[in-house]
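>>> following is a predicted model, sequence given first.
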Amino acid sequence: MERTYASPSSGDLAAVSTSMSAPATSPRPVRVIPLQHPNITTSSSSSPPYLISVFSRWFTKLRRMTFVEWIQLFLPCCRWIRTYKWREYLQVDLMAGITVGVMLVPQGMSYAKLAGLEPIYGLYSGFVPIFVYAIFGSSRQLAVGPVALVSLLVSNVLSGIADSSSDLYTELAILLALMVGILECIMGLLRLGWLIRFISHSVISGFTTASAIVIGLSQAKYFLGYDIDKSSKIVPLIKSIIAGLDKFSWPPFVMGSVMLTILLVMKQLGKSRKYLRFLRASGPLTAVVLGTAFVKIFHPSSISLVGDIPQGLPKFSVPKAFGYVKSLIPTAFLITGVAILESVGIAKALAAKNGYELDSNQELFGLGVANVLGSFFSAYPTTGSFSRSAVNHESGAKSGLSGIVTGIIITCALLFLTPLFKYIPQCVLAAIVISAVIGLVDYDEAIFLWRVDKKDFLLWIITSTTTLFLGIEIGVLVGVGVSLAFVIHESANPHIAVLGRLPGTTVYRNIKQYPEAYTYNGIVIVRIDAPIYFANISYIKDRLREYEADVDSSTKRGPEVERIYFVILELAPVTYIDSSAVQALKDLHQEYKLRGIQIAISNPNPEVLLTLSRSDVVELIGKEWYFVRIHDAVQVCLQHVQHLKHMPFTPKSSPSSSPRAKPPSLFERLLKRRGENRSLTDVESGDSQPPISEHTDSQSEPLLSRRP
């Protein structure tokens, strides 16, 4: 390794030493690894702008793509078709598809009722979108179709525009599917899936928990036997339930409670015992069969039924009511966000478990195409279902063929089974919805957050509370807003650590984490653990001033001085620095210069160093004050501090007043030299006291290198 010696600034040391009263001694050389400074002209001409480089890499990738890769880009199903193992996968895919299909039929009708639509639209939403997603979607286990949360959002917004029994209500729900699909396609094509990363898991958990409670209360009318007000807020729902208690009917309550108990027991048995996992998927169908059989046998007049359901496949039709597009835009964005959170999160988890990669943007595009084409066949917004996807995975699904089988089951139900659906009790469908959303009440997550991170627990409480009492839209906005506020606060108040040297090493670590690490008098070593930009530069400057004023001599070593002479900034974690931070750094340098303090920079990122070079900060501070390692910076700074230390003045005796001194013997000269070497060793080891033991750590590198 190439070695250089004392920093160019060490030339000033001789002048400092001669101006003091101590005998003039030449500075000892310090081994410092040279830092390579960028050539501004070469760097600026060789590195193209960011956007140009991104598009250049993108076009290069497209040019290198083969014909098969182009086909797979537009039709992701070709990826699993080319590698499909028919003998191994066909049977499990058929079983998984049938299981999910049997589960989707009653669930689809239940979720359509939750959305304020006729049950048939739940089956329509599980027809075309499933086939389309199997072709354009990239996940092999995700089960697409109507879900409870999206259904609640549809009901919440459309009930304020039109009556649920009117044709306009249905047209608006279908138009909403078209708008959601277009938004998802645009986000997928523009590769904007990363935007959803700004929504934390605490927000998602709090939102889904509150929404599950609202969904459960909204289904209470089918259990109680009387209508309650439609609302996405918990207070109006509870008031409406209490106000109508005089109309309570016990037959639907008893039937609904019994069916809900059966569903929960079957779900629990299916989760806890692998050989009974088929019970989890067959629970909704079992409830529908038992409820229908009871109605057919006893004909109870107090239990409301689903009624007539049209038979046959949906016809092609273009969505209407485009005059309401403007009023539906906020809800379309909200449903798109929920769809991304629910679908992409599930799809990524399932892809990781099954050993293949999943492109989030391709997934968005597949969901978008499914919603767009589904809207032309009377489907309302659909997305990936957590419960059905879990069942699909547990049933052993290996490819999108299981989705195609599920679509065939829905097709058969539309063609042949709809006459039987008219006898399904509505309380049974409500029990299916409630059993599905109970699992979304994530109180375990709240307990975990309270134990691990109080800030995330507060975020969970804020999101769930505002969703319950102020509505779903406001709950989402408040949750996302508070989440972003936390991100901004953390960014504007980055972690800054004072570093110290671990004994026996040249490693520097946070002195709060490692109390045994020691610092040096006259030197402050600061590590900034974040990009430096306009929002946090003021905070960083304030903290640096605090560290400058804090000179606790009990934790410091080396030459004893009364103030700080050097501030070493460790910039390895700093990945970016903007123009505001550059200007603030210049101001800080001038401020330090007036007080006789020198800034030293350690291990800057190449991009950061290039920015500092272009803004003349490198020249302003001095190239000799940029170092590869903290240890190099400390070596140079400590040598300066050692020479800046005030040395006592000892006057020489005049020849007339004292006898002529006897020249020292060889033994005396050896003792004197040994004493000098010991004092230098004390400085290098960070101890101002003479060494007690002659044993030294072989791994410790001297802080001030001796001459060879």
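Ah, there it is.
>>> buried ones in the longest helix along the chain, by neighbour count?
When the chain is parsed with DSSP state H, its longest helix is helix 86-114. Buried positions in helix 86-114, judged by neighbour count with 16 or more other CB atoms under 10 Å: 89, 92-114. To be clear about C-beta, it is placed using only N, CA and C from the backbone, and glycine gets the same treatment.
>>> which SSE is immediately downstream of it?
Later in the chain than helix 86-114, the nearest helix or strand by DSSP states H and E is helix 120-125.
>>> tabulate the CA atom coordinates of that following helix in CSV.
Once non-C-alpha atoms are left out, helix 120-125 reads as follows in CSV (Å, rounded to 0.1, in the frame of the first residue of the first chain):
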residue,chain,number,x,y,z
ILE,A,120,-74.9,-11.6,-8.8
TYR,A,121,-72.3,-8.8,-9.2
GLY,A,122,-70.0,-10.6,-6.8
LEU,A,123,-70.0,-13.6,-9.1
TYR,A,124,-69.5,-11.3,-12.1
SER,A,125,-66.5,-9.8,-10.4
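>>> buried stuff in that helix?
In terms of neighbour count (16+ other CB under 10 Å), helix 120-125 has its buried residues at 120-125.
>>> how about those in TSV, adding distance to N605?
Formatted as TSV, those follow (distance: CB to CB, whole Å):
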residue	distance to N605
I120	60
Y121	55
G122	54
L123	57
Y124	55
S125	50
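>>> pick the one among these closest to G323.
The nearest member of these to G323, counting by CB to CB, is Y121 at 21.4 Å.
>>> what about that closest one, distance to G366?
Applying CB to CB, to the nearest Å, the value for Y121 to G366 is 22 Å.
>>> now the helices: where do they sit in the stretch 501-650 of the chain?
Along the stretch 501-650 of the chain, the segments classed as helices by DSSP state H, counting those that start in this stretch run 537-549, 579-594, 606-614, 617-621, 630-644.
>>> deepest of the ones you listed, which one?
helix 630-644 (a mean of 23; mean count of other CB atoms under 10 Å).
>>> mind checking the pLDDT average for that helix?
For helix 630-644, mean pLDDT rounds to 85.
>>> and it, what other elements does it pack with?
Applying 3 or more CB pairs under 8 Å, 6 or more residues apart in numbering; DSSP states H and E, one finds that helix 630-644 contacts helix 11-19, strand 496-501, strand 508-510, strand 519-520, strand 523-528, strand 566-570, strand 598-602.
>>> SS state for L313?
Three-state call for L313 (DSSP: H, G, I helix; E, B strand; the rest coil): coil.
>>> how close does it sit to L117?
L313 is 17 Å from L117, by CB to CB.
>>> what's the answer for A243, then?
Distance, A243 to L117, using CB to CB: 26 Å.
>>> so those two - more neighbours on which side?
L117 (26 against 12; other CB atoms under 10 Å).
>>> next up, phi/psi of the more buried one, please.
Dihedral pair for L117: phi -110, psi 170, per degrees, to the nearest 10.
>>> surely R191 forms part of a helix?
No: per three-state DSSP, R191 lies outside any helix segment and is coil.
>>> in this structure it contacts N361, no?
Yes: counting by CB atoms under 8 Å, N361 is a contact partner of R191 at 4.6 Å.
>>> neighbour count: those two, which is higher?
Between R191 and N361, N361 has the larger neighbour count (other CB under 10 Å), namely 17 against 14.
>>> what helices or strands is the stretch of helix or strand that one belongs to leaning on?
N361 belongs to helix 360-375 when elements are defined using DSSP H and E. Helices and strands touching helix 360-375, by 3+ CB pairs under 8 Å, 6+ apart, are helix 128-136, helix 167-189.
>>> list the contacts of the first one.
Outside helix 128-136, the residues within contact range by CB atoms under 8 Å, 6 or more residues apart in numbering are 75-77, 142, 144-145, 314, 365-367, 369-371, 373-374, 376-377, 379, 382, 400-401, 403-404, 406-407, 410.
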